[in-house]
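Student: Please find the sequence and the predicted model below.
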Amino acid sequence: MGIDYFPLPFRRDEPDRVVEHMQEMLRRADGRRWINIRPDLDADLMAALDRRPSVFSGRGPRIPTATWVPTSINRRGRRSPVRAGITHAQRHDAETKLSQANVMVPEGWEVEQDHPKRGLTFIVPDGDDPLTAVDFLVAASDALSGVIVDDDWVAIIAVR
C-alpha cells in the first residue's frame, strides 16, 4: 500500500485549514494519516540546502521538518498518544536552543527524545488543541532552522 501526499500551503499567521485537517485526523483515529510541516521554499533552494548529511554526521537536515501524528486506535482498542517532532540541524540540546529563542514547549507536552539525528520528539497530551501544535511546530522549526525562513509554510498531508 502506497502513501499519497497532499501539499497544503499556508501562512504562519493563517493555519486554519491545517488545523481543520488535524481535527479531522483526530476524529478518524485510523492510524493512516499524519502531517509534515516545513518552510515553503523554492524547489531549487530546497535541493541545494537539504542534502542529507552523511551517515557519520552529528546533525540532521538544515531545513527542519516537523511532523504531527494523531492518535490512533489499534485492533485491540488501545489508543496511541498524539506525537509531534522536529528534525533539525542542531547538534544537541535543541530544547536549550528553543528556550534561548523564547520558544516555549507547550504546557503538558512531554519530551520523548532530543537527539541530533532523530530530532526532538514529544508526546502531546490528550485533548490538546491542534492550533497549539501548529503554532509551536512552526516557531520551533524556525528557531532550529539552518536557513532563514519567512511566513510561507507548507503542510504535507500524508495518507496511507
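Tutor: Arrived safely, thanks for sending.

Student: and Ser141, how many residues sit next to it?
Tutor: 22 (other CB atoms under 10 Å). Quick note: C-beta positions are derived from backbone N, CA and C, even for glycine.

Student: On the three-state scheme, it is what?
Tutor: Of the three states, Ser141 takes helix under DSSP: H, G, I helix; E, B strand; the rest coil.

Student: count of neighbours near the closest residue to it other than its chain neighbours?
Tutor: Leaving aside its sequence neighbours, Ser141 sits nearest to Pro64 (CB to CB, 6 or more residues apart in numbering; 4.0 Å). Using other CB under 10 Å, Pro64 is surrounded by 28 other residues.

Student: Next: Val18.
Tutor: By the criterion of other CB under 10 Å, Val18 has 25 neighbours.

Student: Next, name the residue at the spatial heart of the chain.
Tutor: Of all residues in the chain, the one closest to the mean position by CA atoms, centre = their mean is Ala66, 1.8 Å from it.

Student: Am I right that that one is in a strand?
Tutor: Yes: counting by three-state DSSP, Ala66 is found in a strand.

Student: Touching, it and Ile86? I think so.
Tutor: Yes: counting by CB atoms under 8 Å, Ile86 is a contact partner of Ala66 at 4.7 Å.
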